[in-house]
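**Student:** Sequence first, predicted coordinates after that:
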Amino acid sequence: MPLAIPRPGGCCMSYSRFEAQGFDPSLQGICREKKEGCMAKQRKKIPNFKSEDEEREFWSRHNSTDYVDYRGAKRVQFPNLKPSSRAISIRLPESLIENIKVLANREDVPYQSMMKVLLAEKVTEALRSPKRKKSAA
């Protein structure tokens with residue numbers, strides 16, 4: 001008949017009388033009883049961080065599943081977040097810029113926004129298509 005040893009936090013570790021003689025300490029916290037609330041793994045407390053750099057360093061060295069129970073997590077969206085962007089300088093032929101301005105004017109959007117849309121569409125298309133072979137010139 002199994003016995004249960006209570007553990008801090010209400011979890012237990014079940015083991016047979018045979019295992020009670022010299023149980024494996026690595027089994028501590030494992031619950032085979034499946035009682036309500038008993039299967040919850042003891043979570044470590046997330047420390048308070050002085051800076052984002054300190055927090056980043058901490059999470060790069062620790063497994064978040066030791067601190068957070070993701071079983072109840074729900075997928076969310078953050079519609080007001082804007083992706084970060086970076087200004088670049090690129091030389092384009094005048095005729096190409098003029099054609100982009102014509103397209104942008106048709107859609108009633110700024111030409112730089114039109115450039116971003118066209119570039120994003122082309123990059124997405126290129127990533128989805130198989131690799132192009134170089135033609136012998």
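**Tutor:** Structure's in. What do you need?
**Student:** And the longest helix along the chain, what's buried?
**Tutor:** Assignment by DSSP state H gives helix 111-128 as the longest helix of the chain. Of the residues in helix 111-128, 111, 114, 115 count as buried by neighbour count, 16 or more other CB atoms under 10 Å. To be clear about C-beta, it is placed using only N, CA and C from the backbone, and glycine gets the same treatment.
**Student:** ok, the second one - contacts?
**Tutor:** Yep, that's residue 114 we're talking about. 100, 101, 103, 104, 107 (CB atoms under 8 Å, 6 or more residues apart in numbering).
**Student:** Looking at these, state which has the most neighbours.
**Tutor:** When neighbours are counted by other CB atoms under 10 Å, residue 104 leads the contacts of residue 114 with 18 neighbours.
**Student:** Just say helix, strand or coil for that residue.
**Tutor:** Of the three states, residue 104 takes helix under DSSP: H, G, I helix; E, B strand; the rest coil.
**Student:** Who are the contact partners of it?
**Tutor:** Here residue 104 is in contact with 110, 111, 113, 114 (CB under 8 Å, 6+ apart).
**Student:** dump the residue contacts of the first one.
**Tutor:** For residue 110, the contact set (CB under 8 Å, 6+ apart) comprises residue 104.
**Student:** so how far is residue 44 from it?
**Tutor:** For residue 110, the distance to residue 44 equals 50 Å [CB to CB, to the nearest Å].
**Student:** Please apply the same query to the second one.
**Tutor:** Applying CB to CB, one obtains 53 Å for the distance of residue 111 from residue 44.
**Student:** Can you give me the domain boundaries for the protein?
**Tutor:** Annotated domains of the chain cover 1-42, 94-128 [automatic domain parsing].
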